[in-house]
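[1] Compute the structure for the input listed below.
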Amino acid sequence: MDNRINDIRKTIRALRVSMREAEAIMHEQINRDEDCSFVAQEVMKMRSVMSLLVKERAALGDHEPIVVSSFFIPRRRPARKPVMALSPSADSVFRPRLVARV
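    Predicted structure coming up:
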């Protein structure tokens with residue numbers, strides 16, 4: 001009985017991580033205006049499996065929270081734009097400046 005609870009807890013923990021990864025992929029597809037129906041269906045399947053596992057776990061008498069070590073999913077870094085340091089030219093240094101007079 002206790003081994004079954006531990007197996008369910010491990011499965012729930014792994015399923016949570018997989019769901020977060022799938023949701024991140026789905027959000028990226030949405031942001032790129034791509035079709036995300038396949039990933040969304042997979043997330044729905046994972047949720048139904050999760051629901052059954054939670055019910056079974058509760059029926060076995062386990063009500064302790066399941067802690068996942070990290071929900072952080074690293075995102076892709078934004079593309080770095082090359083920064084060109086413009087050195088001042090003689091024209092920009094010596095051009096006449098407009099000054100407001102009182």
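
[2] For Ile30, give me its contacts.
    With contacts defined as Cβ atoms under 8 Å, 6 or more residues apart in numbering, the neighbours of Ile30 are Cys36. Any C-beta I mention is one placed from the backbone N, CA and C, and that applies to glycine too.

[3] Give me the secondary structure label for it.
    helix (DSSP: H, G, I helix; E, B strand; the rest coil).

[4] And the helices in the chain, which stretches?
    2-31, 37-59, 90-94 (DSSP state H).

[5] tilt between the second one and helix 2-31?
    On the basis of axes from the mean of the first three to the mean of the last three Cα atoms, to 10 degrees, helix 37-59 is oriented at 160 degrees to helix 2-31.

[6] Tell me which residues of helix 37-59 come out buried.
    39, 43, 46, 50, 53, 57 (16 or more other Cβ atoms under 10 Å).

[7] Farthest pair within those residues?
    By the measure Cβ to Cβ, Val39 and Arg57 form the most distant pair in these, at 26.2 Å.

[8] Compare the helices of the chain and report which one is nearest to Pro65.
    Within the helices of the chain, the stretch nearest Pro65 is helix 2-31; the backing value is 10.2 Å (Cβ to Cβ).

[9] Quick check: pLDDT value at the closest residue to Met46 other than its chain neighbours.
    Nearest residue to Met46 in three dimensions, chain neighbours excluded: Met19, at 5.0 Å (Cβ to Cβ, 6 or more residues apart in numbering). Note on Met19: pLDDT of 91.

[10] Met19: neighbouring residues, count only.
    For Met19, the neighbour count with other Cβ atoms under 10 Å is 16.

[11] Next one: the residue lying closest to Ala22 once chain neighbours are set aside, what pLDDT does it get?
    Using Cβ to Cβ, 6+ apart and skipping residues adjacent in sequence, the residue nearest Ala22 is Val43, 5.0 Å away. You'll see Val43 listed with a pLDDT of 92.

[12] so Val43 makes contact with Glu21?
    No - with contact defined as Cβ atoms under 8 Å, Val43 and Glu21 do not form a contacting pair (10.0 Å).

[13] ranking the helices of the chain by mean pLDDT, which is last?
    Per-stretch mean pLDDT for these is lowest at helix 90-94 (a mean of 59).
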